[in-house]
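Undergrad: Sequence first, predicted coordinates after that:
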Amino acid sequence: MKIAIFTETYLPTVNGVVNSIELFRHELESRGHKIYIITPHSTSENFKSRGHVFRIPSFPFIGQPTHPVPFFSLSHINSILEEIKPDIIHVQGMFFTGLLGQKSAHRLKIPCILTYHTHLEGYAHYAGILTPIVKPLLRFWTKHYCIKFNLIITPSPSMAKMLKSYGIRNDIVALPTGIVSKDYSSLNKVGVRSQLALESEKIYLLFVGRLAEEKNVKQLLKDFGRLYVRLPKVHLLLAGDGPDRKIYEAIIETRGLQSSVTFLGSLPHEKLLPYYTASDIFVFPSLTDTQGIVLIEAMASGLPSVVYNMLGPGDIVKHNECGFKANVNSDQFFQFMFELANDAPLRDKIGVGAQREARKYSIEKTSDQMEQLYQLMIGK
């Protein structure tokens, strides 16, 4: 099969959408399929010459340098599609590039499917005082946009249910992104901590994600501050970067937690893996994630997780088996953090369950399902 993927962002930008695209791409290409990426222009020379990537002329979006906006040039897209002759178009974004994919599939009379990665309503807060107006507009846009696809894929059952609640009647399939299981083989925690210059007697909590409001990091810092008062041997590792980092640094300084919180910055996958091994608990307070690949990565590394019972994380974590699910607007997130930090046998027990559960999310298994969906849509 020849699959053309239209995406608003791609390498060198790294985020959940790009990670999902790359995981599926590598696995499907290993099976003999051809995957082509159509995405806005990148200023990075290293990413211009990749044979499977076609860049669309674009202009920078104010305040979002990693999200350029493509010119709505159908002639340029048509010349790309004439060259690759795709069997199916797979859109992985909700805006201009996705619209180009929609229109191209209609012109070519080939199936067009969408992976709905991002819960748009969860980002309405960026509109400030206009948030109450923007939220329903985003819901309206989601419905108007989604109804034009032959099939919609969501990373979790909760997201499929949410889209149906918007009045979307298209076929919707919940299909999470898998992980490369062999990357998470058991390593020696003591040895890895030594290599990373982490203290052997500390209890390390790890967060991986964007440092932004929608990830609910401010609440995590509040709960961690309380945890530190009761268990001074805990230490929080924050892997990732984002627009609110300075805000969080100020909070940490105000609370006197500088020696107990470490910002690791944005780490490539291979440098992040040792931190999973070295940590004791994975904390993921996001209220907007449609899946959270990092959560499955943590589980595969044997980490018990604490999440909120919302959207993707709420679907993935089985309470008291591979982690703990806290109710929103309760004190449970802190309570579960404390229970795990204070009970090593409990951490070990839940960690074993986490590894067992993570086996369901191998990229081989999820790619089997993606391959079948492509074949089904092309057959129709």
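TA: Perfect, I can see it now. Residues are numbered from 1 along each chain as shown.

Undergrad: Correct me if wrong, but Ala358 is in a strand.
TA: No. Counting by DSSP: H, G, I helix; E, B strand; the rest coil, Ala358 is not found in a strand; it is helix.

Undergrad: which residues in the stretch 151-300 of the chain form helices?
TA: With DSSP state H, counting those that start in this stretch as the criterion, the stretch 151-300 of the chain has helices at 157-165, 189-195, 217-230, 245-254, 269-278, 293-300.

Undergrad: Who are the packing partners of the fifth one?
TA: Other helices and strands packing on helix 269-278, by 3 or more C-beta pairs under 8 Å, 6 or more residues apart in numbering; DSSP states H and E, are helix 189-195, strand 203-208, strand 234-239, helix 293-300. C-beta: built from backbone N, CA, C; applies to glycine.

Undergrad: Same question for the fourth one.
TA: Contacting helix 245-254 under the criterion 3+ C-beta pairs under 8 Å, 6+ apart are the following elements: helix 217-230, strand 261-265.

Undergrad: and the helices and strands packed on helix 269-278 as JSON lines, adding mean neighbour count, distance to His52 and mean pLDDT?
TA: Shown next, in JSON lines, are those (neighbours: other C-beta atoms under 10 Å; distance: least, C-beta to C-beta, whole Å; pLDDT from 0 to 100):
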{"stretch": "helix 189-195", "mean neighbour count": "15", "distance to His52": "34", "mean pLDDT": "91"}
{"stretch": "strand 203-208", "mean neighbour count": "24", "distance to His52": "27", "mean pLDDT": "98"}
{"stretch": "strand 234-239", "mean neighbour count": "22", "distance to His52": "28", "mean pLDDT": "98"}
{"stretch": "helix 293-300", "mean neighbour count": "25", "distance to His52": "21", "mean pLDDT": "96"}
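
Undergrad: ok, back up a step: quickly compare the helices and strands packed on helix 245-254 and say which is most buried.
TA: helix 217-230 (a mean of 18; mean count of other C-beta atoms under 10 Å).

Undergrad: hey, C-alpha coordinates of it in CSV?
TA: Output in CSV follows, covering the C-alpha atoms of helix 217-230 (Å, rounded to 0.1, in the frame of the first residue of the first chain):
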residue,chain,number,x,y,z
VAL,A,217,1.9,20.5,36.1
LYS,A,218,1.0,23.3,38.6
GLN,A,219,-1.2,20.9,40.5
LEU,A,220,1.5,18.3,40.4
LEU,A,221,4.0,20.8,42.0
LYS,A,222,1.4,21.6,44.7
ASP,A,223,0.9,17.9,45.6
PHE,A,224,4.6,17.2,45.4
GLY,A,225,5.3,20.0,47.9
ARG,A,226,3.0,18.4,50.4
LEU,A,227,4.5,15.0,49.7
TYR,A,228,8.0,16.4,50.3
VAL,A,229,7.0,17.7,53.8
ARG,A,230,5.9,14.2,54.8
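
Undergrad: Distance from that helix to the middle of the chain?
TA: Centre-to-centre, helix 217-230 and its host chain are 24 Å apart (C-alpha atoms, centre = their mean, to the nearest Å).

Undergrad: just to revisit the earlier point, would you mind putting the helices and strands packed on helix 269-278 into a markdown table with distance to Ala160 alongside?
TA: Below are the helices and strands packed on helix 269-278 laid out as a markdown table (distance: least, C-beta to C-beta, whole Å):
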| stretch | distance to Ala160 |
| --- | --- |
| helix 189-195 | 37 |
| strand 203-208 | 25 |
| strand 234-239 | 29 |
| helix 293-300 | 18 |
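
Undergrad: could the helices of the stretch 151-300 of the chain be laid out in CSV, adding distance to Glu201?
TA: Converted to CSV, those look like this (distance: least, C-beta to C-beta, whole Å):
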stretch, distance to Glu201
helix 157-165, 39
helix 189-195, 10
helix 217-230, 15
helix 245-254, 22
helix 269-278, 13
helix 293-300, 22
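
Undergrad: Quick one, which of these gets closest to His319.
TA: helix 293-300 (13.5 Å; C-beta to C-beta).

Undergrad: Which other helices and strands does the closest one contact?
TA: Using 3+ C-beta pairs under 8 Å, 6+ apart, helix 293-300 sits against helix 16-30, strand 203-208, helix 269-278, strand 281-284, strand 305-308, helix 311-316, helix 344-358.

Undergrad: domains for this protein, by residue range?
TA: For the chain, automatic domain parsing gives the domain ranges 2-178+362-379, 181-361.

Undergrad: Just the terminal-to-terminal distance for the shortest one.
TA: Just to be clear, that refers to domain 181-361. End-to-end distance for domain 181-361: 8 Å, by C-alpha to C-alpha, to the nearest Å.

Undergrad: same deal with stretch 70-89?
TA: 18 Å.

Undergrad: tell me how far that stretch is from the chain's mean position?
TA: That offset, for stretch 70-89, works out to 27 Å (C-alpha atoms, centre = their mean).

Undergrad: Which among the helices of the stretch 151-300 of the chain is found nearest to Lys360?
TA: So among the helices of the stretch 151-300 of the chain, helix 293-300 is nearest, using C-beta to C-beta, at 9.0 Å.

Undergrad: This completes my enquiry, with thanks.
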